[in-house]
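> starting from these lines, generate the structure:
(one chain, ligands or ions: 2)
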Amino acid sequence: MSDITLNIDGREVKAKEGMTVLEAAKSADIHIPTLCHNEMLEPYGGCRLCTVEAETRGRTKLVAACLFPVEADLIVRTRSETVDKIRKLILEFLLAHAPDSEKMKELAKEYGADKDRFPKSSSFCILCGLCVRYCAEVKQKNVIAFVDHGAKREINFIPELAAQECWDCKECFPLCPTSYLQAAYHLTHALAFPTLKLETAAKA
Ligand code: SF4
Ligand code: FES
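Ligands and ions are numbered 1, 2, ... in the order given. This next block holds a predicted model:
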């Protein structure tokens, strides 16, 4: 992997070919906010909070820093009026799901996002997919899955698998930027596990 020099926020940054803009920025202690990114997991590009301006060969576009690969002479702006406006809008939309999440509140303060801009959603899952992907990629258990579509989309535990796998794991809990994951687990536990225990007992 060869070395690449790019420019981030006016600073010359050295990166390796194949790195993302987010990784290059991090190596230079330049902060880009993220919600769906986790170094243990494959890049996902779901939340778009990491949007930055990338200028190459005289053309500027908005890209997700967690997905966009570095290239020689790339010019990246991690803060600009446009970038901040996009992040503010994304946060306002997500705050409709999770107005009480500490992480969301911190970000909202930084970008001046109004938690009441959009009507409150009944689900406080922000669909970052961290729980689903951690369970699939790291634990290889696939206990959590996305269900439903559009505004109703959220995550769910698969009760039969959760009953076997989750009780001594719960490693996904700290990854959730809202409290939805724990709530979903406890709901699954309350509704499904007693039945499963009864079924198991009946079969024995
Ligand atoms: S439950 Fe939490 S970690 Fe899982 S997708 Fe929703 S917000 Fe993300
Ligand atoms: S952190 Fe890049 S899209 Fe979510």
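> list the buried residues in stretch 157-164.
Neighbour-count burial for stretch 157-164 flags 157, 158, 159, 162, 163 (criterion: 16 or more other C-beta atoms under 10 Å). Just so you know, the C-beta spots here come from the backbone N, C-alpha and C atoms, and that holds for glycine as well.
> as TSV, these with distance to residue 144, secondary structure and pLDDT would be great.
Shown next, in TSV, are those (distance: C-beta to C-beta, whole Å; DSSP: H, G, I helix; E, B strand; the rest coil; pLDDT from 0 to 100):
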residue	distance to residue 144	secondary structure	pLDDT
157	6	strand	96
158	7	coil	95
159	11	helix	93
162	8	helix	94
163	13	helix	91
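> of these, which is the nearest to residue 189?
residue 162 (7.6 Å; C-beta to C-beta).
> distance of the residue nearest the centre of the chain relative to ligand 1?
Taking C-alpha atoms, centre = their mean, the centroid of the chain lies closest to residue 36, which sits 1.2 Å from it. Taking C-beta to the nearest ligand atom, to the nearest Å as the measure, residue 36 and ligand 1 are separated by 7 Å.
> any regions of the protein where pLDDT drops low?
Segments of the chain classed as low confidence (criterion: pLDDT under 70) are 1, 194-204.
> if we use 50, what do you get?
Applying pLDDT under 50 to the chain flags the ranges 198-204.
> for ligand 1, what are the nearby residues on it?
Residues of the chain lying close to ligand 1 by C-beta under 6 Å from any ligand atom are 125-131, 155, 175-178, 180-181.
> measure residue 26 to ligand 2 for me?
Taken as C-beta to the nearest ligand atom, the span from residue 26 to ligand 2 is 12 Å.
> chain neighbours aside, what residue packs nearest to that residue?
Distance criterion C-beta to C-beta, 6 or more residues apart in numbering; nearest residue to residue 26, sequence neighbours excluded, is residue 32 at 7.7 Å.
> and if you look at residue 62?
residue 51 (5.4 Å).
> same check, this time on residue 130
residue 175 (4.3 Å).
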